[in-house]
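**Q** pasting the structure only:
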């Protein structure tokens, strides 16, 4: 969750104002005192669950609303084509060039790159890492080695695989092939 500080009071106040209710209205509807509602809104008091349940009912929200991570409507990140940065990733040791594409800051669920895959040198350096990978061939023609299997991708082809499978790609043209790569980290879904 990261730095996740739940501000129940602020959310109660915000909802109450959106519903155009006064402190007294909420007090009347819940049966609690106006002072208590005010103390909850100002985070002087953390309401017990049953109190919060009653307030949620009156404000017409599910109780989970008070605990959900809020969406920041400015939480988008644009990377213009001339502002892409080259970054170092493990594959760089194997001759790949990684250009970073837009990603959500402080989100370590996935990474997106345009990867330049160089023509083969005859040496297959298979490597593996945690997570999953999706690749879409933007330009060129590549050969993928996935453990014992060999797969060829032409422009417009895509592949997804578990990154723990030892893998390696080489361009089959006399130039770099370009791949859109999305890496998804291992997520422990319990």
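**A** It's in. Just so it is clear, the structure is predicted and the values come from calculations on it, not from any experiment.
**Q** can you count the residues close to residue 33?
**A** Using other Cβ atoms under 10 Å, residue 33 has 11 neighbouring residues. C-beta: built from backbone N, CA, C; applies to glycine.
**Q** contacting residues around the closest residue to it other than its chain neighbours?
**A** The shortest distance from residue 33 to any residue other than its chain neighbours is 6.0 Å, reached at residue 27 (Cβ to Cβ, 6 or more residues apart in numbering). Neighbouring residues of residue 27 by Cβ atoms under 8 Å, 6 or more residues apart in numbering: 33-34, 36-37.
**Q** swap in 6 Å and give it another go.
**A** Each residue near residue 27 by Cβ atoms under 6 Å, 6 or more residues apart in numbering is listed here: 33-34, 37.
**Q** and the pLDDT for residue 127?
**A** For residue 127, the pLDDT comes out at 88.
**Q** re the thing from before, and the residue nearest to residue 33, that's in a helix?
**A** Yes. With DSSP: H, G, I helix; E, B strand; the rest coil as the criterion, residue 27 is located in a helix.
**Q** ok, it to residue 40 distance?
**A** Residue 27 is 11 Å from residue 40, where distance means Cβ to Cβ, to the nearest Å.
**Q** still on that earlier bit, show me the contacts of residue 27 that map onto helices.
**A** 34, 37 (DSSP state H).
**Q** export the contacts of residue 27 to TSV and tack on pLDDT and distance to residue 132?
**A** Formatted as TSV, those follow (pLDDT from 0 to 100; distance: Cβ to Cβ, whole Å):
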residue	pLDDT	distance to residue 132
33	96	54
34	96	54
37	96	48
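**Q** please identify the helix or strand for residue 180.
**A** Residue 180 belongs to strand 177-184 when assigned by DSSP states H and E.
**Q** ok, residues contacting that strand?
**A** 110-115, 117, 131-140, 142, 171.
**Q** now, those that are in helices?
**A** Among those, no member falls in helices (DSSP H).
**Q** list buried residues within the residues you listed.
**A** Among the contacts of strand 177-184, those classed as buried by 16 or more other Cβ atoms under 10 Å are 111, 113-115, 117, 132-137, 139-140, 142, 171.
**Q** nearest to residue 82, of those?
**A** residue 114 (13.2 Å; Cβ to Cβ).
**Q** thought that closest one was touching residue 100?
**A** No. Here residue 114 does not reach residue 100: they are 8.6 Å apart, not a contact under Cβ atoms under 6 Å.
**Q** count of residues packed around residue 155?
**A** 13.
**Q** check what pLDDT it gets.
**A** pLDDT recorded at residue 155 is 97.
**Q** next one: the one 4 residues further on
**A** At residue 159 the predicted local distance difference test score is 98.
**Q** got it, and the one 3 residues further on?
**A** Among the per-residue scores, residue 162 shows a pLDDT of 95.
**Q** can you name the residues that contact residue 172?
**A** Residue 172 sits next to 141, 143 when contact means Cβ under 6 Å, 6+ apart.
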